[in-house]
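Trainee: Below are the sequence and a predicted model; questions follow.
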Amino acid sequence: MLSGLDNKIGGQRENKRFWGFPINVTFTTLDELWDMVKGTRVHAVNRKDIEFALAVYVEPYPCHVLSVWVFLAAFVDKTWENLTQPTFHHQ
């Protein structure tokens, strides 16, 4: 699953900074799962150039147990950072 995401990102990697992480929980309800995703606050990044990726994988187990993997990622443009960062010149 992660290699598929890596393939989709492809050559854009050089121009993007990204961070992300997996969440693994036993499924109970969609509301609880969504609260866990919102609790990461990855959506609270205050940048205009942010993009998000979300992937979900569910592994079934006996007795109706579901292991849910949620992969979250946020991407920002490195060139935007270069434009907005102050530059300091040494004298």
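Mentor: Cool, the structure landed. Residues are numbered from 1 along each chain as shown.

Trainee: Not counting sequence-adjacent ones, nearest residue to the residue positioned nearest the centre of the chain?
Mentor: Geometric centre of the chain, nearest residue: Ala73, 1.1 Å, by CA atoms, centre = their mean. With CB to CB, 6 or more residues apart in numbering as the criterion, Ala73 has its nearest non-adjacent residue at 3.1 Å, and that residue is Gly20. All C-beta atoms are positioned from the backbone trio N, CA, C, and that covers glycine.

Trainee: Pull the contacting residues for the one you found.
Mentor: Val42, Ala53, Phe71, Leu72, Ala73, Ala74 (CB atoms under 8 Å, 6 or more residues apart in numbering).

Trainee: Is it correct that it falls within a strand?
Mentor: Yes: counting by DSSP: H, G, I helix; E, B strand; the rest coil, Gly20 falls inside a strand.

Trainee: on that earlier part again, from Asn15, how far off is the residue nearest to the centre of the chain?
Mentor: Distance of Ala73 to Asn15, given as CB to CB, to the nearest Å: 15 Å.

Trainee: What residues are bridge-paired with the residue nearest to the centre of the chain?
Mentor: Gly20, Ala53 (DSSP bridges).

Trainee: Quick check: the gap between the residue nearest to Ala73 and Ala53.
Mentor: Per CB to CB, Gly20 is found 7 Å from Ala53.

Trainee: So for these two, which residues contact both of them?
Mentor: What both Gly20 and Ala53 touch, as defined by CB under 8 Å, 6+ apart, is the set Phe71, Leu72, Ala73, Ala74.
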